[in-house]
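Asks: Here is my input, please return the structure:
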Amino acid sequence: MDKQIDRRTFLSYLGTGAAALAAASAGLGVLDGKASAASATADHLFGFKTNKVSGYFEPIAASKEDHLILPNGYSYDVVAAFDDIINEAGERFGTGSDYNAFFPIDGSNSHGLLVNNHEYTNLFSVGPVKDGKMTKEQVEKDLYYQGMSVIEVAQDEKGTWRMDTKSKHARRINGFSKFELTGPAAGTSALNNATTAQGTFANCSGGITLWNTVLSCEENFSETATAAGLPLTHYGWVVEIDPFDGSYLKKHTALGRFNHENTCMGLTKDNRVVVYMGDDKKDACVYKFVSKNKYVAEFGRKNADLLTEGTLYVANLKSGKWVALTYEAVSKALANESFKAPTGVKGTREELLKKFQNQGDVVTNCHEAALILGGTPTDRPEDIEISPFDNTVFICHTNNDNHGNIHGHITRIFEKDNDLGATEFDFEIFAAGGRQSGFSSPDNLAFDSNGNLWVVTDISTSSMHKGVHTPFKNNGLFVIPTHGPSKGIALQFASAPIDSELTGPFFTPNEQTLFLSVQHPGENTTEVSKPTSLWPHRDGDKIPRCGVVAIKGFKLG
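Replies: Sure thing, here's the model as predicted:
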């Protein structure tokens, strides 16, 4: 087989069967349908034992249309959209639809609970904000429409995915819900001695735990917290909910407080839990948490206690080491009289000594502690996923125009001895955004059962269709092989409606359905009466609505 296989040759294999695709293009034949022994990752395993690709398709071209465009043979159902009633109590689906996680009911691939994150509100949910200050009613809407939705979904006899509004599980979790605080910051002065917190909002991406709960990430929380008069330090955490138990609501401070994008959970070789996390802002760091104690499958949800005690690390890409973020290490660094605050850290040495008094202060002021101890500032580290096949760790660095990284890249980390608990690593730039790869600004990731990486993009609406972003047109969803001669080549699977981005790709276990969010269509709208998008184009509707769709048409080989 010619190892210099080109894009056209690669495309010729699409549709010829899993074996041909694996052997000829993706180089995955050696996998024999099995993940590595150490790859007990929680996120996106997608039935890898089948070793079947998720589907075959003819890649689409970039588009500027106000539609969700898919390859021939594929279709989608709008499962839920902004302001849809989700249960008999009359609660409504939120806005800023982002991360998705599907939980089968009784092992079904066509009936389950779908968890969806709501990242922020907009003009269509709270109305115009005058003089930059929301009214009391607008603040209440801001808190209500953010957070999370748990909905029950199923395919009917015609194969259409629908929401069951009579579900006993369907509910909203938002800025008014009460959360228990766990870990080193709970009850400390950094959190005003609080052991509970009001609400969650700015919920971006997330992840699934090994005990079948959801971790959701609070990202750009400051504006909402300030407008509502809530303590800033109560937000910016990773929260945990149980889709099947509405009373279970926790915020885990041991995982650090920053602009969380997502979580990805795996296991060390000695069975401790590892959680990888990105901090979605320019010049921010990559983190991982390693639990003190070991995971025991038989303990079920009791394993959540593992997230209350352990070591939080930050990546130093120059040395290839994970640096432990401990109070002792921060104190030692600040004890040096010649200490100078690195770029990104405000305050004198004396002010920082007062700021960091215990481990609760370290996790609460995680970004500053990370930079003080040598964490590497990177280019908006967003989604992080562990490959279920080889335990390598993929990170979307979306972009950073401060340093000329306009189109972003995907970093791949190789932990020492293939152990997710290692304190040393190597890395490569797996794929760089730009003309040569066909995509710009990678954001969320998902793996299919043949090791292909599904990537959504996040070109900002202020940059879309302008300058060097012009060729990419609307944001999209791409499929990228992770092995073989064609690794890193992006094939476009979907194009988003006007002003939107696609987020939260998540397959059902049999890979017959892909759940995907359409976030902020019509974001450039300045007057409600003149929207720039009308997606999902419901009859009589005069505004765009973010929402989650179920994509069908996958034919397994």
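
Asks: Val153 and Met163 touch, don't they?
Replies: Yes. With contact defined as C-beta atoms under 8 Å, Val153 reaches Met163; the gap is 5.6 Å. For every residue, glycine as well, the C-beta is placed using N, CA and C.

Asks: anything in contact with each of those two?
Replies: Val79 (C-beta atoms under 8 Å, 6 or more residues apart in numbering).

Asks: Now do the contacts for Gly199.
Replies: By C-beta under 8 Å, 6+ apart, the neighbours of Gly199 are Leu143, Gly147, Asn174, Gly175, Phe176, Ser177, Lys178, Phe179, Leu230.

Asks: contacting residues for the fourth one?
Replies: The reference is to Gly175. Neighbour list for Gly175: Asp142, Leu143, Tyr144, Gln146, Gly147, Gln198, Gly199, Thr200, Phe201, Thr224, Ala228 [criterion: C-beta under 8 Å, 6+ apart].

Asks: Out of those residues, name the ones that lie in strands.
Replies: Under the assignment DSSP state E, those contribute Gly147, Gln198 to strands.

Asks: Tell me the confidence at Arg162?
Replies: Arg162 carries a pLDDT value of 98.

Asks: Once you drop chain neighbours, what's closest to it?
Replies: Residue nearest to Arg162 in three dimensions, not counting chain neighbours: Asp156, with 5.9 Å by C-beta to C-beta, 6 or more residues apart in numbering.

Asks: what about Ala329, how many neighbours?
Replies: Other residues within reach of Ala329, judged by other C-beta atoms under 10 Å, total 16.

Asks: nope, Arg349 is what I was after
Replies: The burial count for Arg349: 15, using other C-beta under 10 Å.

Asks: ranges for the helices of the stretch 151-300 of the chain?
Replies: 222-228 (DSSP state H, counting those that start in this stretch).

Asks: Check the chain too.
Replies: Under the criterion DSSP state H, the chain contains helices at 7-13, 18-21, 123-126, 136-145, 222-228, 327-335, 349-355, 359-364, 366-372.

Asks: Please produce a markdown table containing those helices, extended by distance to Ile489 and mean pLDDT.
Replies: Conversion of the helices of the chain to a markdown table gives the following (distance: least, C-beta to C-beta, whole Å; pLDDT from 0 to 100):
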| stretch | distance to Ile489 | mean pLDDT |
| --- | --- | --- |
| helix 7-13 | 6 | 28 |
| helix 18-21 | 13 | 28 |
| helix 123-126 | 37 | 97 |
| helix 136-145 | 39 | 98 |
| helix 222-228 | 39 | 98 |
| helix 327-335 | 42 | 98 |
| helix 349-355 | 46 | 97 |
| helix 359-364 | 40 | 98 |
| helix 366-372 | 34 | 98 |
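
Asks: possible to save these as a markdown table with distance to Pro184?
Replies: Listed next are those as a markdown table, based on distance: least, C-beta to C-beta, whole Å:
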| stretch | distance to Pro184 |
| --- | --- |
| helix 7-13 | 49 |
| helix 18-21 | 47 |
| helix 123-126 | 35 |
| helix 136-145 | 27 |
| helix 222-228 | 21 |
| helix 327-335 | 9 |
| helix 349-355 | 15 |
| helix 359-364 | 4 |
| helix 366-372 | 11 |
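
Asks: Figure out which of the ones you listed is closest to Asp541.
Replies: Closest of the helices of the chain to Asp541 is helix 123-126, at 10.7 Å (criterion: C-beta to C-beta).

Asks: can you list the weak-confidence ranges in this structure?
Replies: For the chain, applying pLDDT under 70 flags the ranges 1-56, 483-487, 556-557.

Asks: please redo it, this time with the cut-off set to 80
Replies: 1-56, 449-451, 481-489, 555-557 (pLDDT under 80).

Asks: list the contacts for the nearest residue to Val153 once chain neighbours are set aside?
Replies: With C-beta to C-beta, 6+ apart as the criterion, Val153 has its nearest non-adjacent residue at 4.9 Å, and that residue is Leu114. Residues in contact with Leu114 (C-beta under 8 Å, 6+ apart) are Val79, Ala80, Asn100, Ala101, Phe102, Phe103, Val150, Ile151, Glu152, Val153, Phe515, Val548.

Asks: Determine which two of those are furthest apart.
Replies: Spanning the widest gap among the contacts of Leu114 are Ala80 and Phe103, at 15.4 Å by C-beta to C-beta.

Asks: between those two, who's got more neighbours?
Replies: The neighbour comparison of Ala80 against Phe103 (other C-beta under 10 Å) goes to Ala80, with 29 against 18.

Asks: what are the bridge partners for the more buried one, then?
Replies: Ala80 has these beta-bridge partners by DSSP bridges: Val548.

Asks: Pretty sure it sits against Asn87.
Replies: No. Contact between Ala80 and Asn87 fails when scored by C-beta under 8 Å: they sit 11.4 Å apart.

Asks: for the contacts of Gly175, which one is nearest Thr526?
Replies: Using C-beta to C-beta, Asp142 is the member of the contacts of Gly175 that sits closest to Thr526, with 18.9 Å.

Asks: number of nearby residues for that closest one?
Replies: 23.

Asks: what does Ser189 give?
Replies: 13.

Asks: again with Leu373
Replies: 21.

Asks: which residues does the nearest residue to it once chain neighbours are set aside bridge with?
Replies: The spatial neighbour of Leu373 that comes closest, neighbours along the chain excluded (C-beta to C-beta, 6+ apart), is Val323 at 5.1 Å. Counting by DSSP bridges, Val323 forms beta bridges with Val314.

Asks: what's near enough to touch Lys292?
Replies: Here Lys292 is in contact with Arg272, Leu306, Glu309, Gly310, Thr311 (criterion: C-beta under 8 Å, 6+ apart).

Asks: try it again with 7 Å
Replies: Shown in contact with Lys292 (C-beta atoms under 7 Å, 6 or more residues apart in numbering): Glu309, Gly310.

Asks: I'd say Gly266 and Lys288 touch.
Replies: No. Using C-beta atoms under 7 Å, Gly266 makes no contact with Lys288, being 9.4 Å away.

Asks: CA atoms only: put stretch 493-510 into PDB for me.
Replies: Provided in PDB are the C-alpha atoms of stretch 493-510 (Å, rounded to 0.1, in the frame of the first residue of the first chain):
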ATOM      1  CA  PHE A 493     -19.400  16.600   7.900                       C
ATOM      2  CA  ALA A 494     -21.600  19.500   8.900                       C
ATOM      3  CA  SER A 495     -22.000  23.300   8.400                       C
ATOM      4  CA  ALA A 496     -23.700  25.400  11.000                       C
ATOM      5  CA  PRO A 497     -26.400  28.100  10.500                       C
ATOM      6  CA  ILE A 498     -25.500  31.800  10.300                       C
ATOM      7  CA  ASP A 499     -23.600  33.200  13.300                       C
ATOM      8  CA  SER A 500     -23.700  29.900  15.200                       C
ATOM      9  CA  GLU A 501     -21.200  27.300  16.200                       C
ATOM     10  CA  LEU A 502     -21.800  23.500  16.700                       C
ATOM     11  CA  THR A 503     -21.000  22.100  20.100                       C
ATOM     12  CA  GLY A 504     -21.300  19.000  22.300                       C
ATOM     13  CA  PRO A 505     -21.000  16.100  19.800                       C
ATOM     14  CA  PHE A 506     -22.100  12.900  21.500                       C
ATOM     15  CA  PHE A 507     -23.000   9.500  20.000                       C
ATOM     16  CA  THR A 508     -25.400   6.900  21.200                       C
ATOM     17  CA  PRO A 509     -23.600   3.700  22.200                       C
ATOM     18  CA  ASN A 510     -24.400   2.100  18.800                       C
END
